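In: Below are the sequence and a predicted model for it; my questions follow.
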Amino acid sequence: MVKTALKLGPNDAGMQLSAEEFAAASYEPPFIYERVKGRLVVMSPAGPEHRYVSRPFRRVLGGYWNSNPDVIDDVDIEGWVSTSDEDDRIPDICVYLAGDSSKEQVPRRVPDLIFEFVSANRSDQERDYIDKRAEYHSIGVKEYVIVDRFKQAVLVLTWEENDFSDSWLRAGDAYTSPRLPGLRIELSGVFEE
């Protein structure tokens, strides 16, 4: 018997879903959907402030990818990452480096770098700073970057065996990464309204 794919929308928040059901479902736009502890989580789409803060990162990362296809396989906006059998996340930006994992497929392929842009809602902030930090570390994300317009700061988390190491950047600093030689994103204009 062939199962019909589910059609899901914001009213389905909290619904229990298997990984297969989540993968096969169609979703009502413009919302963003994740699966946490086997249940559907529905989030508002990125608003203008969120998109404004992410713009320099999207622009520079895309240009870097274009100039360095031997370094980066893909830069995925609102990518899909399976962090466990019960959890599927949609990070704001996923960067996949060329190398041993190049043949792996999303959502099981682990991004080398993930960028999240903090939203105003407290539960969203806790998800970025606490829940996703633990999940992304457990799957081996090498660098997790949290851009927080409310703190006007960027937290760069670098993978180490027991946890990420923390490094804070402020508006006068520039984001760079040893994984992306030559890449530089000036933070001076990132937090300006």
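Out: Now that the structure is in, tell me what you want to look at. Numbering: from 1, shown residues only.
In: C-alpha from now on. contacts and neighbour counts both.
Out: Will do.
In: pretty sure Ser165 is touching Thr158, no?
Out: Yes: in this structure, Ser165 is within contact of Thr158 by C-alpha atoms under 8 Å, at 5.2 Å.
In: Going along the chain, name the helices of this structure.
Out: Listed in chain order, the helices of the chain (DSSP state H) span 19-24, 48-67, 122-126, 132-139.
In: Does anything pack onto the first one? Which helices or strands?
Out: With contacts defined as 3 or more C-alpha pairs under 8 Å, 6 or more residues apart in numbering; DSSP states H and E, helix 19-24 has no helix or strand neighbours.
In: Just the buried positions in it, please.
Out: By 16 or more other C-alpha atoms under 10 Å, the buried positions in helix 19-24 come out as 19, 22.
In: more crowded one of Ser165 and Thr158?
Out: Thr158 (18 against 13; other C-alpha atoms under 10 Å).
In: which residues does the more buried one bridge with?
Out: According to DSSP bridges, the residues that bridge with Thr158 are Glu143, Ser165.
In: can you list contacts of stretch 31-46?
Out: 9-10, 12-19, 22, 27, 30, 86-90 (C-alpha atoms under 8 Å, 6 or more residues apart in numbering).
In: Now do the end-to-end distance for it.
Out: 9 Å (C-alpha to C-alpha, to the nearest Å).
In: any idea of the mean pLDDT for it?
Out: Stretch 31-46 shows a mean pLDDT of 94.
In: Now do the buried residues in it.
Out: 32-42, 46.
In: for the chain, what spans make up the strands?
Out: Assigned by DSSP state E, the chain shows strands spanning 7-8, 26-27, 32-36, 39-43, 72-77, 81-82, 88-89, 93-97, 113-117, 143-148, 153-159, 164-170, 174-175, 185-186.
In: If I look at the closest residue to Asp166 other than its chain neighbours, what pLDDT would I see?
Out: Nearest non-adjacent residue to Asp166, counting by C-alpha to C-alpha, 6 or more residues apart in numbering: Leu157, 4.9 Å away. As predicted, Leu157 sits at a pLDDT of 98.
In: Repeat that for Arg122.
Out: 86.
In: tally of neighbours for it?
Out: Arg122 has 10 nearby residues by other C-alpha under 10 Å.
In: just Ala120 next, same as before
Out: Ala120: 12 neighbours (other C-alpha under 10 Å).
In: can you check Ser188 too?
Out: 13.
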